[in-house]
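Next comes the sequence, and after it the predicted model I'd like to discuss.
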Amino acid sequence: MTATTDGSAGAVSPRAAAASESTDTTVLATGPDRSAARALERAVEHLLDRQDPEGWWKGDLETNVTMDAEDLLLRQFLGIGDPATTRAAARHIRGAQREDGTWATFHGGPGELSTTVEAYVALRLAGDPPEAPHMARAAAWIRARGGIAAARVFTRIWLALFGWWRWEDLPELPPELIFLPKWVPLNIYDFGCWARQTIVPLTIVSAERPVRPAPFPLDELHTDPRRPNPPRPLAPLTGWDGVFQRLDRALRAYHRFAPRRLRRAAMNVAARWIIERQENDGCWGGIQPPAVYSVIALHLLGYDLEHPVMRAGLESLDRFAVWREEAPGPDGEGGPSRMIEACQSPVWDTCLATVALADAGLPADHPALVKAVDWMLDEEITKAGDWAVRRPGLPPGGWAFEFHNDNYPDIDDTAEVLLALRRVKHPDPARVDAAVARGARWTLGMQSANGAWAAFDADNTRTLPNKLPFCDFGEVIDPPSADVTAHVVEMLAHEGLAGDPRTRRGVDWLLAAQERNGAWFGRWGVNYVYGTGAVVPALTAAGLPPSHPAIRRAVGWLVSVQNKDGGWGEDLRSYDQVSWIGRGVSTASQTAWALIALLAAGERETEAVRRGVAHLVGTQREDGSWDEPYFTGTGFPWDFSINYHLYRQVFPITALGRYVHGEPSLRKGR
């Protein structure tokens, strides 16, 4: 069980007060903007107080209620549900329902069909009757949008586990996929690592087609219960949809006649693949979806719930639970609430917090920073993972996002960790230098053929997987992105490699990827504000002058989308609708990203920066933190959104720190 890490307003703790004594308070008090300096000092104290004794930081990672619904469905499927967990999960799900009866995938977003279906089913499992007003509203909304038949494939898979949907009406996913060599299209390494880890166990589930007795019918979620899956005409063969629909029909026929020995061999190989990738903490890839499907798949192959692999897997899922005490609502009901994190982000949060505190003026040898570096150094991954399929000769040396994910270090975390390590004066500089050298070498080796960098793999760019009928939810490949490439370029520049041909190729790719409006697309953060906030500091670190046309266009765009209150915000609908680009309620993290870019571009004395800083100062809470209910991170753009609860803290500190103290030095160490 993981307790919430959000902190609360109140007096500064003795530990934070003692730590803050080492902050350069003289500089803060006499800086160019005293209100910004005071806000920065309060924010630093708040962040220091949230550091774990082991040296790391971690904020809650909030997504949507499908995590909670699927957790209850998993427990129902395995027969391990308990009343206390069910009540707490249902309380959280109920609390996220909107007035129209729906559930959204991000704060302030529109109702989403599949999310609403899963939340509704979970509440039925918790005992909420279908005639209850909140349930009736949800069911009516679902029917009005096509019912279960219109939900995504993954939702219908969960329903098929209980006979609420026919396996025959789902796309085929044969386990023999595991035998395809890496040069054949649609082999498992053509998928992004998150999709790969999910698809392999699902091939076993798809082959076994299990059905547990349904505790109740779901007729109220069909437009016509007599015809829950109305027939649809095939798409023409002139497009990929038509091709894959006919391929799916062929695979369904194969399912009926698949050679038993071949199928059993495929499932055994898939099971071995799954078990080999289980992490030391019992999870798979440090994320929830592969973990739940891996547990189901192995259980179907005969693994008892007390088997060490299964027991560790279930225990790892429990560690994704955030328990809170909810105050009584309008119905008078309060009590424990349980939210499931899709994953946990300690490495990411720790490196960002380290950068923020260093840029805020904390001495480079401050004990909190040294402790953070000690922890990050211990988290380095020095063994090969799935990335070595495409880079077999590359020596390892990177960092993952989570506590345990040795199979999938990611390039974004590695770049940011190296930037953080170089900001701290560590008592063992040789150890830091060696880790940085390994990380930089691995990162350079993961450059894709086009000169840019993706998150987890190199050259994971075949688009065919996205066209499969099975893949109707989110991105399933891992092509290079502007934000990851920018972080790598910035890191390489700080390592004195700005002139390296590989760095220059990254810069050229970034310049070519700039949008016509002057912004950059944000793959892992929302959206163009995030992309632009990452790219501009990278380009200036790599030696481009603030007068460069690309930087001037970026500045112009940021100024043009600044809100009247001085802040910046961008709604997740910008991924789906052009009219939302650069538009949204001002948030602390997005305001900070814009300021970081503008400061890197030499705009410190401008009205836009002044107003942006004033917005951060004016919206800071008494305890030194900021409030941010809006989702500014992504797992998949538009389809899966994330509210990183520490973003609202670390990025404003970075922005205010650079405003008060200037841009960080490009020299190694301090």
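The structure has been received and is ready for your questions.

buried ones in stretch 609-623?
Applying a neighbour-count criterion of 16 or more other C-beta atoms under 10 Å, one finds 609-617, 619-620, 623 buried in stretch 609-623. Yep, even glycine has a C-beta here, placed from its N, CA and C like the rest.

which one among those residues gets closest to Pro228?
Nearest to Pro228 among the buried residues of stretch 609-623, counting by C-beta to C-beta, is Thr619 at 48.7 Å.

ok, now which ones touch the closest one?
567, 586, 588, 626-627 (C-beta atoms under 8 Å, 6 or more residues apart in numbering).

Does Ala415 lie in a helix or a strand, and which?
helix 411-421 (DSSP states H and E).

Let me fix that, I meant to ask about Trp593.
Using DSSP H and E, Trp593 sits in helix 588-600.

Tell me, what's the model's pLDDT at Ser641?
With respect to pLDDT, Ser641 has a value of 95.

That one and Ile477: what is the separation?
Using C-beta to C-beta, to the nearest Å, we find Ser641 at a distance of 19 Å from Ile477.

Compare those two and say which is more crowded by neighbours.
Taking other C-beta atoms under 10 Å, Ser641 and Ile477 do not tie; Ser641 has more neighbours (24 against 18).

ok, back up a step: could you point out the helix or strand that follows the helix holding Trp593?
Per DSSP H and E, the first helix or strand lying C-terminal to helix 588-600 is helix 607-619.

quick one, that following helix and helix 588-600 angle?
Helix 607-619 runs at 150 degrees relative to helix 588-600, counting by axes from the mean of the first three to the mean of the last three C-alpha atoms, to 10 degrees.

now the helix or strand just after helix 607-619: mean pLDDT?
The helix or strand immediately downstream of helix 607-619 is strand 633-636, counting by DSSP H and E. Mean pLDDT, strand 633-636: 94.

could you point out which element follows strand 633-636?
Next element after strand 633-636 (DSSP H and E): strand 640-644.

tell me the phi and psi of Pro549?
Dihedral pair for Pro549: phi -60, psi -40, per degrees, to the nearest 10.

contacting residues for the closest residue to Glu279 other than its chain neighbours?
Leaving aside its sequence neighbours, Glu279 sits nearest to His404 (C-beta to C-beta, 6 or more residues apart in numbering; 4.1 Å). For His404, the contact set (C-beta under 8 Å, 6+ apart) comprises 279-281, 283, 286.

which regions of this protein lie under the pLDDT threshold?
1-32, 329-332, 665-670 (pLDDT under 70).

Do you have the helices of the stretch 51-200 of the chain handy? List them.
Counting by DSSP state H, counting those that start in this stretch, the stretch 51-200 of the chain has helices at residues 66-78, 83-95, 113-125, 133-144, 153-160, 193-208.

CA atoms only: put the last one into CSV for me.
The one in question is helix 193-208. Extracted in CSV, the C-alpha atoms of helix 193-208 (Å, rounded to 0.1, in the frame of the first residue of the first chain):
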residue,chain,number,x,y,z
CYS,A,193,7.4,-1.6,-25.2
TRP,A,194,4.2,-0.8,-23.3
ALA,A,195,2.1,-2.4,-26.1
ARG,A,196,4.4,-5.4,-26.4
GLN,A,197,4.2,-6.2,-22.7
THR,A,198,0.4,-6.1,-22.9
ILE,A,199,0.0,-7.9,-26.2
VAL,A,200,2.1,-11.0,-25.3
PRO,A,201,-0.1,-12.0,-22.3
LEU,A,202,-3.2,-11.1,-24.2
THR,A,203,-2.3,-13.6,-26.9
ILE,A,204,-2.7,-16.3,-24.2
VAL,A,205,-6.0,-14.9,-23.0
SER,A,206,-7.3,-14.6,-26.5
ALA,A,207,-6.4,-18.3,-27.2
GLU,A,208,-7.9,-19.6,-24.0
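
how about the helices of the stretch 51-200 of the chain in JSON lines, adding distance to Leu468 and mean neighbour count?
Output for the helices of the stretch 51-200 of the chain, formatted as JSON lines (distance: least, C-beta to C-beta, whole Å; neighbours: other C-beta atoms under 10 Å):
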{"stretch": "helix 66-78", "distance to Leu468": "21", "mean neighbour count": "22"}
{"stretch": "helix 83-95", "distance to Leu468": "30", "mean neighbour count": "19"}
{"stretch": "helix 113-125", "distance to Leu468": "17", "mean neighbour count": "24"}
{"stretch": "helix 133-144", "distance to Leu468": "25", "mean neighbour count": "17"}
{"stretch": "helix 153-160", "distance to Leu468": "10", "mean neighbour count": "21"}
{"stretch": "helix 193-208", "distance to Leu468": "9", "mean neighbour count": "23"}
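
Out of those, which is closest to Thr223?
helix 133-144 (5.5 Å).

Summarise which helices and strands that closest one is packed against.
Counting contacts by 3 or more C-beta pairs under 8 Å, 6 or more residues apart in numbering; DSSP states H and E, helix 133-144 is packed against helix 113-125.

Show me how far the helix it packs on is from its chain's centre.
A distance of 22 Å separates the centroid of the chain from that of helix 113-125, by C-alpha atoms, centre = their mean, to the nearest Å.

With adjacent residues omitted, what lies nearest to Val526?
In this structure, Val526 finds its nearest non-sequential neighbour in Thr632, 4.8 Å apart by C-beta to C-beta, 6+ apart.

rewinding a little: how close does the residue nearest to Glu279 get to Asp374?
Per C-beta to C-beta, His404 is found 18 Å from Asp374.

what about Arg226, how many neighbours?
Neighbour count for Arg226, taken as other C-beta under 10 Å: 6.

Can you tell me the SS state at it?
coil (DSSP: H, G, I helix; E, B strand; the rest coil).

Please tell me how far it sits from Pro546.
According to C-beta to C-beta, Arg226 stands 67 Å off from Pro546.
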